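Visitor: Fold the following, please.
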Amino acid sequence: MSFVRFLARPMLASSFVLAGMDKLKNADDTATQLSPLLRRAAASLPFQTDEKALARLIGGTQIGAGVLLALGKGSRLAATVLAVISALNGYVEWRSADKSTKEGRDSRRQQLLKNITLSGGVLLAAVDTNGKPGLAWRAEHLAADARKSAGHLASDVRKTTGKQLKMADKAVRKAVEHTAGA
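Guide: Numbering: from 1, shown residues only. Below is the predicted model of the structure:
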């Protein structure tokens, strides 16, 4: 792991871990703020749950994914989860912010920019391959190597077949000449 990744991942993850701890400590407030979305989520689940439990689940998920990102363990998946949570937070904070005063609108804009910035950071972390090629790159290059090998093999087959056809043609001509002369 590069020195920059060693520093950047925990720095990025710290915001999510602290926000997740806040969500766990203040599950009632979180449930109230998230209630429009949590009601929809609770209604679509096949089992009975309450908004407070879902708020705790989101907070716990945010802490877990943040810790994994900070440690560099499963960091691409953790960053993807954090990107989804960050987008959810951005939407909820934007929707529930005070817009009746200039200070409220300024705060609303600041929160939106913070969430967009954090989402961008974790999206970059989600596609970071840690200096190693990703699966798509490896599959693409494996296919290119296979095409190249198949092309070489086809060329060798054409050369060998061409040589054998020439030898067979010579043998047939020689046999025809020999038969015609006899």
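Visitor: Centre of the chain to the helix or strand bottoming out on mean pLDDT in the chain, how far?
Guide: Ranked by mean pLDDT, DSSP states H and E, the weakest helix or strand in the chain is helix 27-44, scoring a mean of 79. A distance of 26 Å separates the centroid of the chain from that of helix 27-44, by C-alpha atoms, centre = their mean, to the nearest Å.
Visitor: counting contacts, what elements does the very next helix or strand once past it pack onto?
Guide: As assigned by DSSP states H and E, the chain's next helix or strand after helix 27-44 is helix 51-71. On a contact count with 3 or more C-beta pairs under 8 Å, 6 or more residues apart in numbering; DSSP states H and E, helix 51-71 meets helix 3-25, helix 27-44, helix 75-96. From N, CA and C alone the C-beta is placed, and that goes for glycine too.
Visitor: so what are the domain limits for the protein?
Guide: Using automatic domain parsing, the domain ranges for the chain come out as 3-132, 133-182.
Visitor: will you turn those into TSV that also has mean neighbour count?
Guide: Formatted as TSV, the domains of the chain follow (neighbours: other C-beta atoms under 10 Å):
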stretch	mean neighbour count
domain 3-132	16
domain 133-182	10
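Visitor: per-stretch mean pLDDT over the ones you listed, give me the minimum one.
Guide: Among these, domain 133-182 carries the lowest mean pLDDT, a mean of 80.
Visitor: That domain: how far from the chain's middle?
Guide: On C-alpha atoms, centre = their mean, the centre of domain 133-182 falls 43 Å from the chain's centre.
Visitor: likewise stretch 51-66?
Guide: With C-alpha atoms, centre = their mean, you get 21 Å for stretch 51-66.
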